[in-house]
Each structure stands twice: as structure tokens, then as C-alpha cells.
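Chemist: Sequence first, predicted model second:
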Amino acid sequence: MIGICFYYTFNGHNFGEERNATHQILFIITRRINRTVGVASEGKLTEIKLMESNRMEKTDERTFVVKLWSGIFYLLRWISPFQIIRCLFGKKKKSGKPAFVKSYLFVDIWVTANLIMSLLGIYIIKYFDYRILINAIVFYGLLRVFEIFVYQVNVLLFDSYRAEQREEKEAKQLEHNKKKHIEKIPIRYAIRSYRRMVILILENFAEIILWFSSSYLYFSVYFTPNLNEKSILEIVHISFVNMTNFGSADIHPQATLGMQMIWFESIIGLFMTLIVLARFINMLPKPNTLEKTEQEYK
């Protein structure tokens with residue numbers, strides 16, 4: 001049929017009825033092809049929609065593990081001097097402005113001040129014999145390490161999740177009250193700065209090393225050799241190696257408590273290094289480069 005069409009078209013036959021018949025045949029063929037392609041396209045779109053619907057149904061399945069651990073770490077965050085201070089003195093002012101303890105500046109001051117305290121703590125334990133003060137320093141140091149660990153877990157995993165849940169709850173309440181449908185729920189949670197977060201994590205990392213140095217010195221009877229005979233720099237080095245290498249060849253635990261301290265520091269070090277720090281370093285913006293090959297992959 002197509003050959004006949006081209007024959008009548010290009011061989012100069014009577015350009016009357018033959019040409020009209022040719023145009024009609026071409027029109028019919030084109031319309032059938034378009035219908036076939038259209039049906040195939042509609043079928044493909046329907047298949048894609050079904051796949052998306054099935055995927056959405058799977059994501060709507062209920063799970064409990066995230067909600068469970070979010071609740072656990074929400075409770076653990078209250079075993080923290082930082083959280084207690086924010087709760088007691090965090091009420092809004094009469095002007096409507098948030099309290100100072102709820103500001104980013106207070107967080108910066110809190111982390112930096114605790115880093116200085118951890119350095120002073122190991123010096124006091126090494127060279128002074130005030131038992132009450134030393135006991136208080138060791139207790140606060142271990143509490144502060146636990147506070148850092150719980151805080152970083154919440155920032156890494158659960159703060160944004162809780163913010164999403166809170167936004168969804170507020171949106172549903174607004175929709176119920178105003179009978180207004182909300183298609184997209186805004187997420188308000190955000191950290192202040194990636195650079196700031198990395199710096200604070202590095203300060204926390206150093207602080208944990210120093211607090212454990214104080215603890216090793218305080219519980220030196222549970223280790224060999226005697227850590228009281230070593231300098232502060234050597235003790236900090238031992239703590240740093242434990243933090244990064246799952247134990248140190250320089251000391252050996254002689255009791256269960258000593259082994260537990262080494263494992264506790266090693267687990268926190270693994271978490272801080274591989275999970276928390278690696279995540280936020282990856283989010284830092286890349287600087288400009290003059291190398292052309294690097295610019296291509298930027």
C-alpha cells in the first residue's frame with residue numbers, strides 16, 4: 001500500500017483522484033500509527049503509576065524501631081546538666097524573645113567551657129589531693145561524656161525525625177480546625193551551620209579524650225603500669241590511642257572496671273569518628289579550585 005502511494009505521488013500520474021486517494025491512505029496510516037503509539041504510551045504511564053502506588057503502599061507500612069529508639073534517647077537526654085539548665089532557665093522573656101540558654105551562643109560557650117574544664121580536671125587530679133573535688137570532677141566528667149554521646153545521637157538520627165512528627169501533628173490539627181487541606185508540610189528543623197557543627201564535634205572529641213584521661217588517672221589501681229608515674233601528656237596519649245584503636249599497648253586492665261572503661265571509650269570513639277564526624281565533614285561546601293580537571297568534577 002505504501003509503495004502504491006509513493007508510486008502515484010512521485011511518478012507524475014494524474015494529480016486528481018489518484019493524489020486525493022494517496023493523501024487519504026497516508027492520513028489513515030498516520031492516524032493508526034499515532035493511535036498505536038498513544039496506547040503504548042498510556043500503557044507505560046499506567047504501569048509507572050502502578051509501580052509508584054505499590055512503592056507508596058510499602059512505605060506506608062508501620063514500623064516501630066525508629067519510634068522506639070527515638071523515645072529512649074528522648075528520655076536519656078534528660079540525664080544531662082545541659083538539658084536541665086535549658087529546662088529550668090529556658091522560659092521566654094516578656095518581650096517574646098527566647099532565653100539565653102536556648103541560644104546558639106550558649107551552646108558554643110557550654111562546649112568550649114567544658115573543654116577547658118576537662119583540661120583543668122586532669123591537672124587537678126594529677127597534682128592535688130582534694131578528694132571531694134577530685135570525686136566531683138570524675139563523676140562530672142563521666143556524666144559529660146554520656147551527655148555528649150546522647151546529644152550527638154539525637155542530632156544525627158532523631159531531632160529531625162521528631163521535628164517532622166511534630167510538624168505533621170500540627171498540620172493535622174490545623175486541617176481539622178480550619179477544614180483546610182495542606183498538601184506539603186514544611187520542615188522547620190535545621191542546624192545553625194555545618195562548619196560550626198564540625199568544630200563543636202572536634203571539641204567534643206578532644207573533651208572526651210581528656211575526661212577519660214582523668215578517669216584513667218583516678219582509677220589507676222585498675223591498670224598496669226601505674227599511671228601516677230606517667231606525665232599528663234603520656235596519659236592523654238594513652239586515652240587518644242584507646243579512643244581510636246580499640247585499646248592501647250601502653251596499659252593493661254587488671255579488673256573488669258578497667259576493661260569496661262577502655263571498651264566504653266573505644267565504642268564512643270568509633271561512633272564519633274566514623275558516623276558523626278564523617279557525616280558532617282561530607283556536608284561541608286567545597287572550596288573553589290584552579291585545577292581544571294578538578295573543576296570538571298566539582
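Modeler: Here it is on my side, so go on.

Chemist: what about the helices in the stretch 151-298 of the chain?
Modeler: Assigned by DSSP state H, counting those that start in this stretch, the helices in the stretch 151-298 of the chain fall at 159-178, 194-218, 232-245, 256-270, 278-282, 292-296.

Chemist: Save the ones you listed as JSON lines, and put in mean neighbour count, mean pLDDT and distance to Q152 too.
Modeler: (Each C-beta comes from the backbone N, C-alpha and C, glycine too.) Output for these, formatted as JSON lines (neighbours: other Cβ atoms under 10 Å; pLDDT from 0 to 100; distance: least, Cβ to Cβ, whole Å):
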{"stretch": "helix 159-178", "mean neighbour count": "13", "mean pLDDT": "77", "distance to Q152": "10"}
{"stretch": "helix 194-218", "mean neighbour count": "21", "mean pLDDT": "91", "distance to Q152": "7"}
{"stretch": "helix 232-245", "mean neighbour count": "18", "mean pLDDT": "89", "distance to Q152": "14"}
{"stretch": "helix 256-270", "mean neighbour count": "17", "mean pLDDT": "88", "distance to Q152": "9"}
{"stretch": "helix 278-282", "mean neighbour count": "13", "mean pLDDT": "72", "distance to Q152": "10"}
{"stretch": "helix 292-296", "mean neighbour count": "8", "mean pLDDT": "66", "distance to Q152": "32"}
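
Chemist: between these, which gets nearest to E147?
Modeler: helix 194-218 (9.7 Å; Cβ to Cβ).

Chemist: mind checking the SS state of I79?
Modeler: Three-state call for I79 (DSSP: H, G, I helix; E, B strand; the rest coil): coil.

Chemist: Look up how far L133 lies from F158.
Modeler: Separation of F158 from L133 (Cβ to Cβ, to the nearest Å): 36 Å.

Chemist: Between these two, point out the one with more neighbours.
Modeler: Applying other Cβ atoms under 10 Å to F158 and L133 shows that F158 carries more neighbours, namely 20 against 13.

Chemist: Show me the shaky parts of the stretch 1-150 of the chain.
Modeler: 1-61 (pLDDT under 70).

Chemist: could you pull out the helices for it?
Modeler: Secondary structure of the stretch 1-150 of the chain (DSSP H, counting those that start in this stretch): helices at 2-10, 17-59, 65-76, 81-88, 104-127, 131-153.

Chemist: ok, now how distant is the closest residue to N245 other than its chain neighbours from S95?
Modeler: Once flanking residues are discounted, N245 sits nearest to S266: 7.7 Å by Cβ to Cβ, 6 or more residues apart in numbering. Look at S266 and S95: by Cβ to Cβ, they are 48 Å apart.

Chemist: Same question for I134.
Modeler: For I134, the distance to S95 equals 44 Å [Cβ to Cβ].

Chemist: the more surrounded of these two?
Modeler: I134 (18 against 5).

Chemist: Which residues are in contact with that one?
Modeler: I134 makes contacts with 124-125, 128, 218, as judged by Cβ atoms under 8 Å, 6 or more residues apart in numbering.

Chemist: What separation do you get for it and Q152?
Modeler: I134 is 27 Å from Q152, by Cβ to Cβ.

Chemist: Residue ranges of each domain in this structure, please.
Modeler: According to automatic domain parsing, the chain comprises the domains 2-59, 65-296.

Chemist: Give the burial count for Q152, as a bare number.
Modeler: Q152 sits with 20 neighbouring residues when counted by other Cβ under 10 Å.

Chemist: I'd assumed L277 was in contact with it.
Modeler: No - contact criterion Cβ atoms under 8 Å: Q152 and L277 do not qualify, at 9.4 Å.

Chemist: Quick check: neighbours shared by the two?
Modeler: Both Q152 and L277 are contacted by I201, under the criterion Cβ under 8 Å, 6+ apart.

Chemist: count of neighbours near P225?
Modeler: Per other Cβ under 10 Å, the neighbour tally for P225 reads 11.

Chemist: Quick check: closest non-adjacent residue to it.
Modeler: Counting by Cβ to Cβ, 6+ apart, P225 lies nearest to I251, which is 7.2 Å off, once chain neighbours are set aside.

Chemist: Next, find the distance separating that neighbour from F205.
Modeler: Taking Cβ to Cβ, one finds I251 at 20 Å from F205.

Chemist: Much appreciated, bye for now.
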